[in-house]
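1. Let's see this in three dimensions:
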Amino acid sequence: MDLPSVLIPAYKPDDKMLKLIEDLLELGFSRIMVVNDGSGSDYDACFARAETLGCRIVRHAVNMGKGRALKTGLNEAMLCGFSEPGVITADADGQHLPGDIRRVAQAMAENPNALVLGVRRFTGNVPLRNRMGNGITRGVFALVNGNGVMDTQTGLRGLPGKHLPLMLALKGERYEYEMNMLLEARPNDVQMVQVPIDTIYIEGNKSSHYHPFIDSVRIYSLILRYILSSIMAGVADYGVFALVHTRFPDPLIVSVVSARVISSLVNFLINRNIVFRQKGTMAHAAGRYYALVLFVMLASYGLIWTLSVPLGLNVYLSKVITDIFLSIFSFVIQREFVYSSSSRIKVFKNHKAEAGTAGR
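-> Got it, this is the predicted structure:
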């Protein structure tokens, strides 16, 4: 099997990175690239040793963040012939075992066009900030994206050569870059394959440069943009409904239809171009979308009438309740049907992951 290259972004590494490199060489990984992300002169000896072992060293003059270090490495891989059949990214802190990196390579060979993720199970002795951070992010990601990723923060990823130009074009300079990679997989029709790996935290993960608050704010700001863009269409819908219903209270269907016609156009354009980032033809999506609009319009009328007439609720309150329910329903249908892609996530079951800790 032609093994992929290995890319290690490193900021102030220690002997754990050198041990990983030695083990990878023993497993047959002959193309290893290390990006020195502005670690400073105190770490020159560590990088010099890596270079002596045969690694290709790329340097940042100052610390620029993990996302930038990954993109620098990917760019260099494309320029120097390290891009085929792909590139595996691995962390420098010893959390990724050489055997698990080898399993990611195997999954890449069996799924040559897929983004392969080495995912931890987060069981056993896992630091609280890692367990909670990944759990929350995983839940929000599944809600927004529709695909369940077991470990959204994993740094062990197999990137096929054909998708490297896409990876280079993604935004993000720090840890949000890795979230962008996951968010952009579905709209770009990139399948994801998950490989369970061992959960390893060395000395309580104190060597990690991930800052839970600062970097999580950057990550969640990306997800919130997806949610807030959908709310804009709801605001337009409610505004048109209120305006029309104030002037023409009867029949109710006039207000509902007017609101849906205007807001549907806003909703379609925002969701197609910003939320779901569909790459197909507009006509294909528009046909499905307006079939959904017709259904939602009739359902909206039926629910508002039921709540406001037989049940006696205020018509505006009825409108809010109806729209909350239908917005969730509509989001799921748009994600899975209107703007759906052929990309799906599957789990590579060649390895049973276990939790563990290690020390030096």
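2. hey, let's count contacts and neighbours off CA atoms from now on
-> OK.
3. For the most centrally placed residue in the chain, what is the enclosing helix or strand?
-> In the chain, the C-alpha nearest the mean C-alpha coordinate belongs to Leu182, at 2.4 Å (Cα atoms, centre = their mean). In this assignment (DSSP states H and E), Leu182 forms part of helix 176-185.
4. What strand or helix carries Val193?
-> Short version, using DSSP H and E: Val193 is in strand 192-196.
5. Can you show me the CA trace of that strand as CSV?
-> What follows is strand 192-196, C-alpha atoms only, in CSV (Å, rounded to 0.1, in the frame of the first residue of the first chain):
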residue,chain,number,x,y,z
MET,A,192,-16.5,11.4,5.8
VAL,A,193,-15.3,8.1,7.3
GLN,A,194,-14.7,7.7,11.0
VAL,A,195,-12.0,5.5,12.4
PRO,A,196,-12.3,4.8,16.2
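6. distance between it and the chain's centre?
-> 13 Å (Cα atoms, centre = their mean, to the nearest Å).
7. In terms of secondary structure, what does that strand contact?
-> Contacts defined by 3 or more Cα pairs under 8 Å, 6 or more residues apart in numbering; DSSP states H and E place strand 192-196 against helix 98-110, strand 115-119, strand 345-347.
8. Just say which of those is most tucked in.
-> Ranked by mean neighbour count, the helices and strands packed on strand 192-196 are led by strand 115-119 with a mean of 27 (mean count of other Cα atoms under 10 Å).
9. Give the full set of residues in contact with the nearest residue to Val315 once chain neighbours are set aside.
-> Distance criterion Cα to Cα, 6 or more residues apart in numbering; nearest residue to Val315, sequence neighbours excluded, is Ser308 at 5.2 Å. With contacts defined as Cα atoms under 8 Å, 6 or more residues apart in numbering, Ser308 is in contact with Asn314, Val315, Ser318.
10. and which of those residues is nearest Val87?
-> The nearest member of the contacts of Ser308 to Val87, counting by Cα to Cα, is Ser318 at 53.5 Å.
11. So what touches the strand or helix carrying that closest one?
-> According to DSSP H and E, Ser318 maps onto helix 315-333. Helix 315-333 is touched from outside by Gly146, Gly234, Leu292, Val296, Ser300, Leu303, Ile304, Leu307, Ser308, with contacts defined as Cα under 8 Å, 6+ apart.
12. could I get these as CSV with pLDDT, secondary structure and distance to Phe268?
-> Shown next, in CSV, are the contacts of helix 315-333 (pLDDT from 0 to 100; DSSP: H, G, I helix; E, B strand; the rest coil; distance: Cα to Cα, whole Å):
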residue, pLDDT, secondary structure, distance to Phe268
Gly146, 65, coil, 19
Gly234, 79, helix, 12
Leu292, 88, helix, 11
Val296, 86, helix, 14
Ser300, 90, helix, 18
Leu303, 94, helix, 23
Ile304, 93, helix, 23
Leu307, 94, helix, 27
Ser308, 92, helix, 28
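13. and which of the residues you listed is nearest Pro112?
-> The closest of those, once distances to Pro112 are taken by Cα to Cα, is Gly146, at 23.0 Å.
14. ok, and the most crowded of the contacts of Ser308?
-> Neighbour counts for the contacts of Ser308 (other Cα atoms under 10 Å) peak at Ser318, which has 20 neighbours.
15. Got the confidence number for that one?
-> pLDDT recorded at Ser318 is 92.
16. Now do the domain split for this structure, please.
-> 5-209+343-358, 223-338 (automatic domain parsing).
17. what about the longest one, distance to the chain center?
-> Computed by Cα atoms, centre = their mean, the separation of domain 5-209+343-358 from the middle of its chain amounts to 14 Å.
18. got it, and the last one?
-> From the chain centre to the centre of domain 223-338 is a distance of 27 Å (Cα atoms, centre = their mean).
19. Any regions of this structure where pLDDT drops low?
-> 122-134, 143-147, 201-226, 230, 274-281, 340-360 (pLDDT under 70).
20. hang on, the earlier thing: Gly148 versus the residue nearest to the centre of the chain, what's the distance?
-> 11 Å (Cα to Cα, to the nearest Å).
21. and what of Glu84?
-> Taking Cα to Cα, one finds Glu84 at 28 Å from Gly148.
22. and what of Gly155?
-> When distance is defined by Cα to Cα, Gly155 is 17 Å away from Gly148.
23. Dump the C-alpha coordinates for stretch 41-56 into PDB.
-> Taking C-alpha atoms only, stretch 41-56 is exported to PDB below (Å, rounded to 0.1, in the frame of the first residue of the first chain):
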ATOM      1  CA  SER A  41      15.000  29.400  19.200                       C
ATOM      2  CA  ASP A  42      14.700  27.300  22.300                       C
ATOM      3  CA  TYR A  43      13.100  24.500  20.200                       C
ATOM      4  CA  ASP A  44      15.600  24.600  17.300                       C
ATOM      5  CA  ALA A  45      17.300  21.500  18.600                       C
ATOM      6  CA  CYS A  46      14.000  19.500  18.500                       C
ATOM      7  CA  PHE A  47      13.300  20.500  15.000                       C
ATOM      8  CA  ALA A  48      16.900  19.900  13.900                       C
ATOM      9  CA  ARG A  49      16.600  16.300  15.300                       C
ATOM     10  CA  ALA A  50      13.400  15.800  13.300                       C
ATOM     11  CA  GLU A  51      15.200  17.000  10.200                       C
ATOM     12  CA  THR A  52      18.000  14.600  10.900                       C
ATOM     13  CA  LEU A  53      15.500  11.800  11.100                       C
ATOM     14  CA  GLY A  54      14.400  12.600   7.500                       C
ATOM     15  CA  CYS A  55      11.500  15.000   8.000                       C
ATOM     16  CA  ARG A  56      10.800  18.000   5.800                       C
END
